[in-house]
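In: Okay, predicted coordinates and the sequence, questions at the end:
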Amino acid sequence: MTVENTAEMAVTFGLASGVSVNNPPRLHVVGSLLRTRVVDDASPLAYGIRDSLAVYSDDGSSFSITNVLGTRGGRFPDSTTARPTGRGTADELDVPQGRVPLDPRFDVAQRRPLQPWQAAPVTDEQIRNPLSVIPPALRPRVVLRFADQRELLASGLLDGNDVAQRPVVVDVPLAKGHVVLFANNPMYRGETIGSYFLVLNTLLNFDRLDTGKKFDSR
């Protein structure tokens, strides 16, 4: 189990494939209680967790997930500098030469916008050269995300919208075990007693965290 800065350490040292840590510069959160939503209620981590649980967030950190190594999922859509291809200037069309335009925030297969807590689906081009594609059984599983902006703040200070809907609890398979990442502090004094069960569920179900997991077909 990793919490806040130790979760960032796990990501940095390659213990959580497909996960990146978000620390947006324009977000201002100081020891606030932020509401969450359950994304995957089939996960043992979510047993007994209500859908509007408020969790303690020290600085508003969150996660993004991806199905492909070497890429960063869940780009912040309001960023003026983020470009999906990483090429060119803000005034140029962001399209690799000779290829069909692809917005990483759009699920082409389902014809629907990609949600901030979701990973972009694997494309045909990535399948043709799959060396960096994470196998379905090893992909990160988002269990809990932050709520929508209008209902996010339960108590404290929140200035900015770069944390809404982002993953807050992620389960990542590693070898024969799992790395469970918390962007919140689930056991901070007596502030968020309800989130203690996230830790207890992790301990009690350490050997069956894959229960109820749905695997992508590609």
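Out: Sure, I can see it.
In: Could you list the low-pLDDT ranges of this protein?
Out: 73-112, 191-192 (pLDDT under 70).
In: again, only using 80
Out: The chain contains residues with pLDDT under 80 at 70-113, 189-193.
In: Do a quick rundown of the strands in it.
Out: With strands called from DSSP state E, the chain shows them at 2-3, 19-22, 28-29, 32-38, 54-57, 62-65, 106-107, 112-113, 141-146, 153-155, 158-159, 167-174, 177-182.
In: So what angle separates the directions of the longest one and strand 32-38?
Out: Interaxial angle, strand 167-174 versus strand 32-38 (axes from the mean of the first three to the mean of the last three C-alpha atoms, to 10 degrees): 60 degrees.
In: so what does strand 167-174 touch, helix or strand wise?
Out: Where contact means 3 or more C-beta pairs under 8 Å, 6 or more residues apart in numbering; DSSP states H and E, strand 167-174 is packed against strand 62-65, strand 141-146, strand 177-182. Just so you know, the C-beta spots here come from the backbone N, C-alpha and C atoms, and that holds for glycine as well.
In: Please point out which parts of it sit buried.
Out: Residues of strand 167-174 classed as buried by neighbour count (16 or more other C-beta atoms under 10 Å): Pro167, Val168, Val169, Val170, Asp171, Val172, Pro173.
In: Max pairwise distance over the residues you listed: which two?
Out: Largest separation among the buried residues of strand 167-174 by C-beta to C-beta: Val168 and Pro173, giving 18.8 Å.
In: residue ranges of the helices in this structure, please?
Out: Secondary structure of the chain, counting by DSSP state H: helices at 5-12, 124-128, 196-204.
In: In a markdown table: those, plus distance to Leu27.
Out: Shown next, in a markdown table, are the helices of the chain (distance: least, C-beta to C-beta, whole Å):
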| stretch | distance to Leu27 |
| --- | --- |
| helix 5-12 | 15 |
| helix 124-128 | 31 |
| helix 196-204 | 23 |
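In: how about the ones you listed, which one is nearest Val143?
Out: helix 196-204 (8.3 Å).
In: ok and the closest one relative to strand 167-174, angle-wise?
Out: Angle, helix 196-204 to strand 167-174, by the same axes, to 10 degrees: 10 degrees.
In: Please point out which parts of helix 196-204 sit buried.
Out: Neighbour counts over helix 196-204 (16+ other C-beta under 10 Å) mark Phe197, Leu198, Val199, Asn201, Thr202 as buried.
In: try stretch 121-129
Out: Under the neighbour-count criterion of 16+ other C-beta under 10 Å, stretch 121-129 has Pro121, Val122, Thr123, Gln126 buried.
In: Surely the first one is in contact with Val68?
Out: No: because the distance of 10.2 Å does not satisfy C-beta atoms under 8 Å, Pro121 is recorded as not touching Val68.
In: List the residues that contact Val38.
Out: The contact partners of Val38, by C-beta atoms under 8 Å, 6 or more residues apart in numbering, come to Ala46, Ile49, Arg50, Asp51, Val143, Leu144.
In: same thing but at 6 Å, please
Out: Ala46, Asp51 (C-beta atoms under 6 Å, 6 or more residues apart in numbering).
In: Name whatever forms a beta bridge with it.
Out: Leu144 (DSSP bridges).
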